[in-house]
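*Asks:* Can you look at this prediction? I've put the sequence above it.
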Amino acid sequence: MLKTYHLCFSSHREVMYRNAEDMNHSFNCLCSALYKTGSRCLAENDMPSHHHGCYETECPDELIRTKRHAYTLYFNEKYDRKGPLGDPGYFSIVLEGLRHLLAALSYIIRNTVHHGITSTPFEWPYCSANAFFRKELGKLYSPDILLSPAQIERTLPRRAAFDPQWKMGVEGVFLRESVLEVPMVENLYATPKAFNYLITRLSGEDWSKEQEADGNGLPPITLENMESLILQHAVSREQVIADMLRNEKARYAPARLNDLQLCEIIDNQYVTKYHAYSVYHLTDFQKNEIANELYRRHHAGVAQIRRCLVM
């Protein structure tokens, strides 16, 4: 029997995605895992250091394992890297009741705002934010070219599987509005105004109080439990939560480079400068030199530099 879950996995020592190609390949791996396990995705958000998703599935273990295994094979081959990618295991919450589910969906969709990556959920192309209420929100763009099922099959790895009804653009990534359970999610939010309100609403006690009406006996969805994997590696949980709440209220664009932008600088400038195959071929001395320059020139944070340089 299908159950609805919030699933999250993370990688606090190194980023899992270094550029747009990696992000797109990750989504394709997720799509193949959904098809292979008979699962459905309501919303997802991929960030370089962690992933949030809301899924209907009978087998969350198999879904996460299948997705991560396929992507790790790609990543290791591309960057000449060995071993598992990311922290072991994953975090899950069973979701029951309308308000419980809406709280989780809204948190997932706006997660880049919590982490200071974007100022609105709609800026991040690697999440579900732009898949819902497309007509009402003026998001009627479509790729110039859609690939045929035969072309899609040639684009994907040999053992990948996909629904022939799914659509893929010429850039080689499945369209989120084609794969996600869009009608179901739109029905849950009811109106585009409610959707806009809930995905930009500030965290607080009102969210928890409203979820009590579901009567499911489950803990409410909160910032703290949704970010359990991130908080367990934090030096100060209180500071991380305070930073997330501050990011929610910010009325300006993030000033710092995000992880993808920093990785592109490392890979396109410094890896080339040292004639290395990838960041995984740099010596410790070279990484320290690069780290000092990134800190001085780009004001990147120490933790961000360490995970992007794999130090």
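*Replies:* Received, thanks.
*Asks:* What residue spans form the domains of this protein?
*Replies:* In terms of domains, the chain is parsed into 3-133+181-249, 259-309 (source: automatic domain parsing).
*Asks:* Pull the distance from the first one to the chain's centre.
*Replies:* Yep, that's domain 3-133+181-249 we're talking about. 6 Å (Cα atoms, centre = their mean, to the nearest Å).
*Asks:* neighbours around the nearest residue to Leu231 once chain neighbours are set aside, how many?
*Replies:* Computed as Cβ to Cβ, 6 or more residues apart in numbering, the closest residue to Leu231 that is not its neighbour in sequence is Arg237, at 4.8 Å. For glycine as for every other residue, the C-beta is placed from the backbone atoms N, C-alpha and C. Counted with other Cβ atoms under 10 Å, the neighbours of Arg237 add up to 14.
*Asks:* Would you check how far apart Arg237 and Val173 are?
*Replies:* Distance check for Arg237 against Val173: by Cβ to Cβ, to the nearest Å, it reads 35 Å.
*Asks:* Over to Ala253?
*Replies:* 25 Å.
*Asks:* ok, the two, which is more surrounded?
*Replies:* Val173 (21 against 9).
*Asks:* Got the phi and psi for the closest residue to the more buried one other than its chain neighbours?
*Replies:* Once flanking residues are discounted, Val173 sits nearest to Asn24: 3.9 Å by Cβ to Cβ, 6+ apart. When quoted as degrees, to the nearest 10, the phi and psi of Asn24 stand at phi -70, psi -40.
*Asks:* Could I get the full set of helices for the stretch 51-200 of the chain?
*Replies:* Under the criterion DSSP state H, counting those that start in this stretch, the stretch 51-200 of the chain contains helices at 60-79, 98-109, 111-114, 149-155, 176-179, 182-189, 192-200.
*Asks:* among these, which is nearest Ala20?
*Replies:* helix 60-79 (13.2 Å; Cβ to Cβ).
*Asks:* pLDDT below threshold where in the protein?
*Replies:* Residue ranges of the chain with pLDDT under 70: 142-144, 255.
*Asks:* Tell me which residue lies nearest the centroid of it.
*Replies:* Centre of the chain computed as the mean C-alpha position; nearest residue by Cα atoms, centre = their mean is Asp46, 1.2 Å away.
*Asks:* Doesn't that one belong to a helix?
*Replies:* No. Counting by DSSP: H, G, I helix; E, B strand; the rest coil, Asp46 falls outside a helix, being strand.
*Asks:* wait, it sits on Asn24?
*Replies:* No. Using Cβ atoms under 8 Å, Asp46 is not in contact with Asn24, being 9.6 Å away.
*Asks:* Quickly list what's touching both of these two.
*Replies:* Tyr126 (Cβ atoms under 8 Å, 6 or more residues apart in numbering).
*Asks:* And Tyr252, its phi and psi?
*Replies:* phi -140, psi 160.
*Asks:* Find the nearest non-adjacent residue to it, please.
*Replies:* Nearest to Tyr252 is Ser119, by Cβ to Cβ, 6+ apart, at 6.7 Å.
*Asks:* can you check Lys67 too?
*Replies:* Closest to Lys67 by Cβ to Cβ, 6+ apart is Ala33, at 3.8 Å.
*Asks:* Kindly report the same for Ile290.
*Replies:* Nearest residue to Ile290, sequence neighbours excluded (Cβ to Cβ, 6+ apart): Tyr270, at 4.8 Å.
*Asks:* and what of Tyr189?
*Replies:* Phe195 is the one closest to Tyr189 (Cβ to Cβ, 6+ apart), at 4.2 Å.
*Asks:* Next: Asn196.
*Replies:* Closest to Asn196 by Cβ to Cβ, 6+ apart is Leu137, at 7.6 Å.
*Asks:* Make sure the one you found is actually in contact with Pro192.
*Replies:* Yes. Between Leu137 and Pro192 there is a contact at 5.9 Å, judged by Cβ under 8 Å.
*Asks:* Tell me what the residue nearest to the centre of the chain is bridged to.
*Replies:* For Asp46, the beta-bridge partners under DSSP bridges are His51.
*Asks:* What separation do you get for it and Gly97?
*Replies:* Separation of Asp46 from Gly97 (Cβ to Cβ): 26 Å.
*Asks:* Could I get the full set of helices for the stretch 201-311 of the chain?
*Replies:* So, for the stretch 201-311 of the chain - with DSSP H, counting those that start in this stretch - the helices run 205-211, 223-226, 228-231, 237-249, 259-265, 271-273, 284-298, 302-309.
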